[in-house]
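**Q** build me a structure from this.
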Amino acid sequence: MGRRLAREIALKILYRYEEGDTNLPGILRGILEEKEYKNSDKEFCRHLAEQTVNNLDTIDEHIIKVLKNWPFDRISVIDKTILRLGTCEILYFNDIPVQVSINEAIEIAKKYGGSESGKFINGVLDAVKKNYESSNNK
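**A** So this is what the prediction gives:
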């Protein structure tokens, strides 16, 4: 599967969660058992999805803090979910270089988001990164 596909599956999981199916263990089980994936990829996907949901308020605060002239509730569900995944990686996945997390989110946004999603995701996640690093957390 690879980490890119694991991130895309995490996007699918969190999209369902955002749309009202809040049984995260059930969603994880259902989606990760649909096909045969490497255990390491399934674990990365599971960890990313769970970490995002478990820290949703903190992740959203980091995103909202850097939004300029754009209300959080006006962001499309896909873009919001990609931002949450990218921000989660920046905040909680110290083994992944921040720029890798941002680049992966941009590529996923280009594939699943609107025509301007890649640029939007890039700008927001870069600002999240700068805020996070300047707060001496990294």
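
**Q** show me what the helix or strand containing Asp60 is packed against.
**A** In this assignment (DSSP states H and E), Asp60 forms part of helix 56-66. Applying 3 or more CB pairs under 8 Å, 6 or more residues apart in numbering; DSSP states H and E, one finds that helix 56-66 contacts helix 77-92, helix 117-134. (Each C-beta comes from the backbone N, C-alpha and C, glycine too.)

**Q** what residues does that helix touch?
**A** Contacts with helix 56-66, where a contact means CB atoms under 8 Å, 6 or more residues apart in numbering, come from 52, 72, 80, 83-84, 87-88, 90-91, 124, 127-128, 131-132.

**Q** repeat that for 7 Å
**A** Residues outside helix 56-66 that contact it (CB atoms under 7 Å, 6 or more residues apart in numbering) are Thr52, Phe72, Leu83, Arg84, Thr87, Cys88, Leu91, Val124, Ala127, Val128, Asn131, Tyr132.

**Q** state the distance from Arg4 to Ser101.
**A** 12 Å (CB to CB, to the nearest Å).

**Q** the more surrounded of those two?
**A** Ser101 (21 against 13; other CB atoms under 10 Å).

**Q** apart from its neighbours in sequence, what residue is nearest the more buried one?
**A** Glu89 (3.7 Å; CB to CB, 6 or more residues apart in numbering).

**Q** about what we covered before: any chance of the helices and strands packed on helix 56-66 in a markdown table, plus mean neighbour count and distance to Glu33?
**A** Conversion of the helices and strands packed on helix 56-66 to a markdown table gives the following (neighbours: other CB atoms under 10 Å; distance: least, CB to CB, whole Å):
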| stretch | mean neighbour count | distance to Glu33 |
| --- | --- | --- |
| helix 77-92 | 23 | 21 |
| helix 117-134 | 18 | 29 |
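
**Q** many thanks, we can stop here.
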